[in-house]
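K.L.:
got a sequence here, can you build the structure:
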Amino acid sequence: MNIYVLLKRTFDTEEKIALSNGMINEDGAEFIINPYDEYAVEEAITVRDEHGGDVTVVSVGSEEAEKQLRTALAMGADKAVLINIEDDIENGDQFTTSTILSQYLKEQEVDLIIAGNVAIDGGSGQVGPRVAEQLNIPYITTITELNIDGDNVTVTRDVEGDSEVIETTLPLLVTAQQGLNEPRYPSLPGIMKAKKKPLDELEIDDLDLDEDDVEAKTKTIEIFLPPKKEAGKVLEGEISNQVQELVKLLHTEAKVI
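P.N.:
Numbering: from 1, shown residues only. I've put the predicted structure just below:
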């Protein structure tokens, strides 16, 4: 079985975001595998171990993403591909990423594609479904269980506090939700083996694409941090007086009534 994982390099979840000249300042920041993509890597390895085949992790970005790809290889993936757009594309979006990924995957023999449900930086959840649409294959998002029997697939997906079971067939793209599995930590032997596993680097020219083909469809107008939360107020005195004061504050300060 040929399994592909779509992987993104994102800020560490503990990282404090800072802005400089209206842009996110990445100097000295720590980066990790997008946490939802870790579920995707783990599930791909589990499926491979049960059904055989290869797991290839694919990332679109700069050469800095090699570290995260090597981490996925250390977890147990077989191969990695970095599509380096650093010198070709200054500003991309979900359309850019999904077009590049689908163009690469069109040339591969694909049985199963697993992506993270969302990226913790952008949070759009668009790349996986867009790739599936461009490949003309079915997709199921926010999955919490995956069972494969030959070409038949049964998936359980999270639907806002409940779940639904869907049956479909390969080839298929799914996006991983928290609860699908517990991602493993790379072992020392795994880290040593990862250094010898293949990591191919491509550019958009290698995919017969040019900048116009992947030009972003959206434009970022402004980046800003959320306003700081002010300290709460504690109302004291008689309950009736507190209620009157609360109503007044909701009207004059919070302006919600």
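K.L.:
may I ask which helix or strand of this structure has the lowest mean pLDDT?
P.N.:
Lowest on mean pLDDT, DSSP states H and E among the helices and strands of the chain sits strand 23-24, with a mean of 77.
K.L.:
show me how far it is from its chain's centre.
P.N.:
With C-alpha atoms, centre = their mean, to the nearest Å as the basis, strand 23-24 stands 20 Å off its chain's centre.
K.L.:
that one pairs with which strands, parallel or anti?
P.N.:
strand 19-20 (antiparallel) (DSSP bridges).
K.L.:
please enumerate residues in contact with the strand it pairs with?
P.N.:
Contacts to strand 19-20, defined as C-beta atoms under 8 Å, 6 or more residues apart in numbering, come from residues Asn25, Ile223, Phe224, Leu225. Bear in mind the C-beta positions are built from the backbone N, C-alpha and C, glycine included.
K.L.:
what are the phi and psi values at the closest residue to the first one other than its chain neighbours?
P.N.:
The reference is to Asn25. Among residues not flanking Asn25 along the chain, Ala18 sits closest, at 4.6 Å (C-beta to C-beta, 6 or more residues apart in numbering). Backbone torsions of Ala18, given as degrees, to the nearest 10, read phi -130, psi 150.
K.L.:
separation between Ala18 and Ile191?
P.N.:
Distance of Ala18 to Ile191, given as C-beta to C-beta, to the nearest Å: 31 Å.
K.L.:
try Lys248
P.N.:
Distance, Lys248 to Ile191, using C-beta to C-beta: 61 Å.
K.L.:
neighbour-wise, which of those two wins?
P.N.:
It is Ile191, of Lys248 and Ile191, that has more neighbours when counted by other C-beta atoms under 10 Å, with 14 against 11.
K.L.:
how much space separates the more buried one from Ile17?
P.N.:
Between Ile191 and Ile17 the computed distance is 29 Å (C-beta to C-beta).
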